[in-house]
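1. need a structure here:
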Amino acid sequence: ADFNYGADDYDAEGNEEPKALPEGSETMPYIDESPTMSPQLSARGQDSGDGVSPTPTDGLGTGGERDAGKGLEMRKLVLSGFLASEEIYINQLEALLLPMKPLKATATTSQPVLTLQQIETIFYKIQDIYEIHKEFYDSLCPKVQQWDSNITMGHLFQKLASQLGVYKAFVDNYKIALETAEKCSQSNYQFQKISEELKVKGPKDSKESHTSVTMEALLYKPIDRVTRSTLVLHDLLKHTPSDHPDYPLLQDALRISQNFLSSINEDIDPRRTAVTTPKGETRQLVKDGFLVELSEGSRKLRHVFLFTDVLLCAKLKKTAVGKHQQYDCKWYVPLADLVFPSPEESEHCPQVHVIPDHELEDMKMKISAIKSEVQKEKANKGQSRAIERLKKKMFENEFWLLLNSPAIPFRIHNRNGKSYLFLLSSDYERSEWREAIQKLQKKDLQAFVLSSVELQVLTGSCFKLRTVHNIPVTSNKDDDESPGLYGFLHVIVHSAKGFKQSANLYCTLEVDSFGYFVSKAKTRVFRDTTEPQWNEEFEIELEGSQSLRILCYEKCYDKTKLNKDNNEIVDKIMGKGQIQLDPQAVQTKNWHMDVIEMNGIKVEFSMKFTSRDMSLKRTPSKKQTGVFGVKISVVTKRERSKVPYIVRQCIEEVEKRGIEEVGIYRISGVATDIQALKAVFDANNKDILVMLSDMDINAIAGTLKLYFRELPEPLLTDRLYPAFMEGIALSDPAAKENCMMHLLRSLPDPNLITFLFLLEHLKRVAEKEPINKMSLHNLATVFGPTLLRPSEGESKGHLTLASDIWSHDVMAQVQVLLYYLQHPPISFTELKRNTLYFSTDV
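-> Residues are numbered from 1 along each chain as shown. I've put the predicted structure just below:
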């Protein structure tokens with residue numbers, strides 16, 4: 001039996017419904033870009049040439065898996081599938097070893113086909129790998145055949161993992177082995193004949209006796225195998241009770257395999273079985289992935305394949321359940337004809353329609369709410385059908401977000417006339433695609449036209465060659481998989497070195513959320529230097545994030561290239577790097593210092609993480625001097641003012657010179673600047689006004705947000721929080737109006753006057769939305785959770801997951817502030833004069 005790890009049910013057109021899932025299947029499309037991610041067992045066999053699977057009986061993948069018998073059955077199914085493919089793998093290794101003995105025999109004669117050195121290089125470690133797997137197979141096979149609950153096999157997998165050092169030696173030699181085999185084929189006809197058609201024995205119960213495979217394809221198999229073993233370990237762990245004697249052994253084997261994989265992924269191109277061009281040259285898949293294409297004015301999800309000489313854009317055809325899936329080629333461009341138009345040359349390219357931020361934020365809220373419902377259903381042992389329906393809805397919403405959030409243009413032009421436009425959410429990703437194409441273009445490439453048959457063969461190969469199997473949505477992550485981090489990541493970008501010549505340099509930080517990466521912060525430009533010292537701190541909100549990326553740019557001051565397109569990034573990427581956000585490593589109170597190396601450049605940074613529940617805690621200030629962390633009534637009384645001085649000054653400065661700043665209040669200010677402003681306001685320093693006029697406007701906006709966040713209780717008070725939650729949930733508009741106005745009237749005067757003052761300011765900011773891109777909804781998303789939060793006792797009562805804090809309360813908090821922002825002007829005196837009839841006691 002063989003399993004298809006990761007399903008392929010997605011609809012490539014954004015304007016069509018995703019396919020309904022077959023009854024009884026829990027399979028959802030799954031992000032599978034990394035072999036270390038947990039795969040999803042699918043109830044369909046994949047026609048991959050690695051064995052054919054019987055379909056597991058109905059109901060195995062459903063909620064009844066908690067039953068120990070089902071778990072046992074699932075383990076047997078996983079192992080049977082793995083054994084069948086292990087048999088094929090051993091046969092492939094045997095086929096590779098078969099010519100080695102005769103080649104060695106001729107090496108010492110007067111007419112050698114290859115020298116002993118060449119044989120040693122090409123077949124390096126194959127014999128050892130064969131022996132390891134033969135022993136493993138012979139030990140595991142009888143256990144699976146006599147399967148029962150007492151059988152243990154964790155020690156076999158642990159032993160297999162402990163022998164990965166042999167694979168490391170194989171991988172280190174892999175490229176040289178390939179190059180040697182290629183050179184020997186070109187110079188020796190006899191070896192060429194041998195290496196083109198190696199006979200692989202079919203499985204015992206297969207009708208096929210032999211299949212012909214090239215040596216190059218077989219040499220890739222060991223690399224492929226480690227990935228496969230890792231996926232199987234994931235599945236075995238998923239269905240092995242934690243108190244089973246196999247559990248710690250499998251865990252250990254998985255840890256070793258994952259560490260090994262992440263170390264070799266750095267060193268090796270994913271060279272799957274190659275496709276041969278009509279000239280007999282090898283066409284290999286270098287990179288593939290899902291990208292959004294703007295086609296005929298609408299956004300379409302495409303699977304893009306970069307081969308050694310051609311870029312091919314495809315979509316997955318809709319096929320009946322159980323049928324072998326195929327790609328449909330939308331277009332291709334030979335790399336010899338491919339150029340990247342500069343912004344000024346791309347006038348004829350279609351303009352990008354950007355979805356308003358508030359619509360994207362709305363969708364994120366919906367997804368978070370559904371995630372909470374799924375968690376609730378699971379906690380209450382809900383029906384698997386109800387959970388399936390919720391997951392399907394979540395997938396549709398995440399698919400919409402994936403399709404509509406990217407806005408960075410990536411233009412491809414064919415010299416022969418046609419241009420294509422992809423939209424990406426991350427400049428990191430765009431540069432990866434561009435660099436991969438440019439690297440291939442350095443070779444001597446010929447222009448060509450594919451015949452319909454050649455195109456059919458190439459498109460047909462995409463299904464087997466692809467390395468990214470699933471759309472990057474988070475819907476179907478397993479419960480035991482890391483949901484990512486929710487909370488605040490504090491990052492200090494210290495410095496960089498390794499630049500060859502002086503330049504104007506800055507860095508940006510990207511994190512992933514909802515399956516794609518977004519840019520979250522940017523340092524200032526350090527001018528004319530080879531060793532920039534930024535030392536800037538940023539606070540980045542994480543929404544289920546697993547990775548942090550740092551990009552280093554050279555600033556472009558060429559006026560002809562600027563302002564061509566809102567989202568066009570014309571600055572040059574000098575280097576880029578990525579690190580995993582490991583919850584264990586990051587979640588400490590201390591700063592963790594690290595270095596990312598990129599293209600010979602080293603960027604030094606530090607980070608620490610605060611989880612969302614920690615950031616909810618308001619710690620009242622012990623001091624009664626200063627303004628941060630001090631009750632608003634104490635501050636206004638001391639200042640003899642109606643609105644705290646800090647609030648008035650920050651708002652005045654933002655309105656003077658920041659009201660047209662793109663992303664005002666959303667873009668993080670530099671944390672060190674914010675701390676400096678906090679200190680002068682706390683000390684009531686006479687230089688406050690001078691400092692404010694010189695300070696970066698995002699730091700001033702950040703100071704205002706920090707002031708409200710550090711109040712010992714939120715501006716709209718702990719006492720009234722439950723009533724605000726009930727009021728916003730009312731359906732009848734008149735009742736809601738009555739309730740929401742009564743609640744404002746119930747606030748202490750300093751809180752109410754300050755809130756109304758802030759409200760009018762935020763409305764003025766939103767009036768400039770065409771320029772600053774900050775709508776009322778965006779502003780409500782930024783300020784809602786700061787002005788309105790449950791008290792600690794309240795939040796402890798119903799929190800189960802960090803992500804739940806995000807979904808349950810934040811939606812309502814945003815809606816409360818949005819209600820008041822969309823309301824006609826509210827005056828303090830009018831509020832106090834109108835005694836509305838409102839019967840509920842607050």
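
2. pretty sure Tyr486 is touching Ser513, no?
-> No: using Cβ atoms under 8 Å, Tyr486 makes no contact with Ser513, being 9.6 Å away. The way it works is simple: take the backbone N, C-alpha and C, and place the C-beta from them, glycine included.

3. Show me whatever sits in contact with both of these two.
-> Here Tyr486 and Ser513 have 542-544 as joint contacts, going by Cβ atoms under 8 Å, 6 or more residues apart in numbering.

4. out of the residues you listed, which is most surrounded?
-> In terms of neighbour count, Leu542 stands highest of the shared contacts of Tyr486 and Ser513 at 24 neighbours, by other Cβ atoms under 10 Å.

5. So that residue: helix, strand or coil?
-> strand (DSSP: H, G, I helix; E, B strand; the rest coil).

6. pLDDT at it, what is it?
-> You'll see Leu542 listed with a pLDDT of 84.

7. check contacts around it.
-> Leu542 neighbours (Cβ under 8 Å, 6+ apart): 484-489, 511, 513, 581, 609.

8. can you put those in JSON lines and add neighbour count?
-> JSON lines is the format used below for these (neighbours: other Cβ atoms under 10 Å):
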{"residue": "Gly484", "neighbour count": "21"}
{"residue": "Leu485", "neighbour count": "26"}
{"residue": "Tyr486", "neighbour count": "23"}
{"residue": "Gly487", "neighbour count": "22"}
{"residue": "Phe488", "neighbour count": "17"}
{"residue": "Leu489", "neighbour count": "22"}
{"residue": "Val511", "neighbour count": "25"}
{"residue": "Ser513", "neighbour count": "21"}
{"residue": "Leu581", "neighbour count": "20"}
{"residue": "Phe609", "neighbour count": "22"}
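
9. which of those sit farthest apart?
-> Greatest spacing in the contacts of Leu542, by Cβ to Cβ: Ser513 and Phe609 (14.6 Å).

10. Please parse this structure into its domains.
-> 67-268, 275-349+407-476, 355-402, 485-615, 638-834 (the TED database).

11. Ok, which of the ones you listed comes nearest Phe628?
-> domain 638-834 (4.9 Å).

12. From the chain's centroid, how far away is that closest one?
-> 31 Å (Cα atoms, centre = their mean, to the nearest Å).

13. ok, now stretch 147-159?
-> With Cα atoms, centre = their mean, you get 35 Å for stretch 147-159.

14. now the end-to-end length of that stretch.
-> 20 Å (Cα to Cα, to the nearest Å).

15. Pull out the buried positions in it.
-> 147, 153-154, 156-158 (16 or more other Cβ atoms under 10 Å).

16. is it possible to export these to CSV including secondary structure and distance to Ser242?
-> CSV is the format used below for the buried residues of stretch 147-159 (DSSP: H, G, I helix; E, B strand; the rest coil; distance: Cβ to Cβ, whole Å):
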residue, secondary structure, distance to Ser242
Trp147, coil, 20
Met153, coil, 17
Gly154, helix, 13
Leu156, helix, 20
Phe157, helix, 16
Gln158, helix, 17
